[in-house]
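Undergrad: Below is the structure, and that's it, no one-letter string:
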Ligand SMILES: Nc1ncnc2c1ncn2[C@@H]1O[C@H](COP(=O)(O)OP(=O)(O)OP(=O)(O)O)[C@@H](O)[C@H]1O
């Protein structure tokens, strides 16, 4: 005989409470109900539940009090909050307080089913370590990120990850997914800076236009799983409105269609840009940011975790050698010291590139400083015009300036492993400007 999972439903509205209880029973779940906070606390003490669903407004307190009570006394019990339609604030506060998800009134079976299933998986399973993904490092900062990722994996709340290029934002997003109840569902990612801005909407939501073949979007592909949107500030304002609706109503419509599809997607976004500046300049909607940034994760630059550089470098080198099936070389002490002192504008991604190059250059299974080919420290800013003793260029000024610009762009792309977002940052221009300059200077090949 299998034991039915139990759910506690807390709501003072009898009709709604009974409706939820009946729906749960139809899903094969035993449901107890409580009409206020006191009742709920009493039942929690006496029984063991796999899920608690609570209304936000209760006669003797509110749903957030219950979320906090459960997190404090019944850690591991997923609790979801029922909020009134359109009350974004409540949903966000509930997630911040530790609710694993929320439901919006009127409650539909389509909404309830995936939530209950996720909760049941959550209370049954231990976080899995099935993936080969690892966040390397032992510094206090990395350890803190590791515990935060574990916590975030137990929630359905949107997460916003901040950090410079190459700091592991995409890695953190995937780790959250792989440790969550969604691990067997798809993890889909989109780097908005790697695609045409105009194409983002159709990519995310799909497209159903006459004369074109119907396309499904990434939201559809990620259904049941996680959608990771990197460089989210690149999303145009019109598409931002649609994204806001997708989060609020958990519904999306394909471009050119009016049919709504209900989706169950956990959203993780990231940016290496200054979000506050994007909002101040009217390029990013504040209300959308508020919904995306329910929980924030900040990835440290590699120089902030300099003590971890030797460990990260050794592990990455080992991983790469195993993949190539070659003997793992060791670093000589000067090489390790040079790595620990280098500033890594491209962070771990740049370290990976440096190691890849060192692997091909090194001899006798030893990596020396010269194999690392670390860029020389920047000289004082130069216009390049001092190249000639008389201070004049040999060629016409426009050509001369173009040459300097080309060289600077090539250097930046090389330094960042051909990552345009990172290169733009290094050059102090926007991604769009860099893309424009690349095509103008005849440099735009497939550099992403
Ligand atoms: N702490 C870490 N441990 C192991 N690998 C890491 C770590 N941080 C980053 N990496 C690796 O460095 C590379 C770059 O990381 P990732 O793509 O996650 O960075 P990102 O911040 O999303 O970069 P971008 O902003 O350029 O997209 C990846 O191969 C990732 O696995």
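TA: Cool, the structure landed. Since the model is a prediction, treat every value here as computed from it, not as a measurement.
Undergrad: does the closest residue to the ligand within the stretch 1-150 of the chain count as helix, strand or coil?
TA: For the stretch 1-150 of the chain and the ligand, the shortest gap (C-beta to the nearest ligand atom) falls at residue 136, measuring 3.4 Å. (C-beta placed from N, C-alpha, C; glycine too.) Residue 136 carries the three-state label coil when classified by DSSP: H, G, I helix; E, B strand; the rest coil.
Undergrad: show me where pLDDT drops low in the chain?
TA: Where the chain drops to pLDDT under 70, the residues are 1-3, 85-86, 123-131, 377-391, 393-396, 398-399, 445-448.
Undergrad: what secondary structure does the nearest residue to residue 349 once chain neighbours are set aside sit in?
TA: Distances taken as C-beta to C-beta, 6 or more residues apart in numbering put residue 166 closest to residue 349, at 3.1 Å, once the chain neighbours are dropped. For residue 166, the secondary-structure state derived from three-state DSSP is coil.
Undergrad: Quickly note the distance from residue 166 to residue 28.
TA: Computed as C-beta to C-beta, to the nearest Å, the residue 166 to residue 28 distance reads 47 Å.
Undergrad: Settle it for me: which of those two has more neighbours?
TA: residue 166 (26 against 10; other C-beta atoms under 10 Å).
Undergrad: Quick check: residues of the chain near the ligand?
TA: With C-beta under 6 Å from any ligand atom as the criterion, the chain comes near the ligand at residues 135-137, 163, 165-171, 230, 272, 312, 348-349, 352, 419, 421-422.
Undergrad: show me the contacts for the residue in the stretch 151-300 of the chain that the ligand sits nearest to.
TA: Using C-beta to the nearest ligand atom, the single residue of the stretch 151-300 of the chain nearest to the ligand is residue 168, 2.8 Å away. When contacts are counted by C-beta atoms under 8 Å, 6 or more residues apart in numbering, residue 168 is found next to 135, 299, 347-348.
Undergrad: Keep only those of those that are in helices.
TA: Within these, membership in helices is found for 347-348, as judged by DSSP state H.
Undergrad: how about the contacts of residue 168, which pair is most distant?
TA: 135 and 347 (13.2 Å; C-beta to C-beta).
Undergrad: out of these two, which sits in the busier spot?
TA: Higher neighbour count among residue 135 and residue 347: residue 347, with 26 against 16, using other C-beta under 10 Å.
Undergrad: my guess is that one meets residue 272, correct?
TA: No - proximity of residue 347 to residue 272 does not meet the contact threshold set by C-beta atoms under 8 Å, at 9.7 Å.
Undergrad: joint contacts of these two?
TA: When C-beta under 8 Å, 6+ apart defines a contact, the residues bordering residue 347 and residue 272 alike are 164-165, 167.
Undergrad: Residue 47: which of those is nearest?
TA: Each of the shared contacts of residue 347 and residue 272 was scored against residue 47 by C-beta to C-beta, and residue 167 proved nearest at 44.5 Å.
Undergrad: Identify the residues contacting the residue nearest to the closest one when sequence neighbours are not counted.
TA: Ranked by C-beta to C-beta, 6+ apart and with sequence neighbours excluded, the top spatial neighbour of residue 167 is residue 299, at 3.9 Å. Contacts for residue 299 (C-beta under 8 Å, 6+ apart) come out as 145, 161-164, 167-169, 172.
Undergrad: now do 7 Å
TA: The contact partners of residue 299, by C-beta atoms under 7 Å, 6 or more residues apart in numbering, come to 145, 161, 163, 167-169, 172.
Undergrad: ok but residue 270 is inside a helix, no?
TA: No - if the criterion is three-state DSSP, then residue 270 is strand and not within a helix.
Undergrad: which SS state does residue 189 fall under?
TA: Recorded secondary structure, residue 189: strand (three-state DSSP).
Undergrad: Show me what the host helix or strand of residue 64 is packed up against.
TA: Take DSSP states H and E as the rule and residue 64 turns out to sit in helix 63-73. With contacts defined as 3 or more C-beta pairs under 7 Å, 6 or more residues apart in numbering; DSSP states H and E, the secondary structure elements packing on helix 63-73 are helix 37-46, strand 51-55, strand 79-83, helix 88-97.
Undergrad: List the buried residues in it.
TA: The neighbour-count check on helix 63-73 (16 or more other C-beta atoms under 10 Å) flags 63-67, 69-71 as buried.
Undergrad: coming back round to it: would you mind measuring from the residue nearest to residue 349 to residue 218?
TA: Separation of residue 166 from residue 218 (C-beta to C-beta) stands at 23 Å.
Undergrad: And for residue 188?
TA: As defined by C-beta to C-beta, residue 188 lies at a distance of 5 Å from residue 218.
Undergrad: now do residue 292
TA: Computed with C-beta to C-beta, the distance linking residue 292 and residue 218 is 16 Å.
Undergrad: between those two, which one's more packed in?
TA: Neighbour totals were compared for residue 292 and residue 218, and residue 292 leads with 26 against 21 (other C-beta under 10 Å).
Undergrad: Having no further points to raise, I will conclude here.
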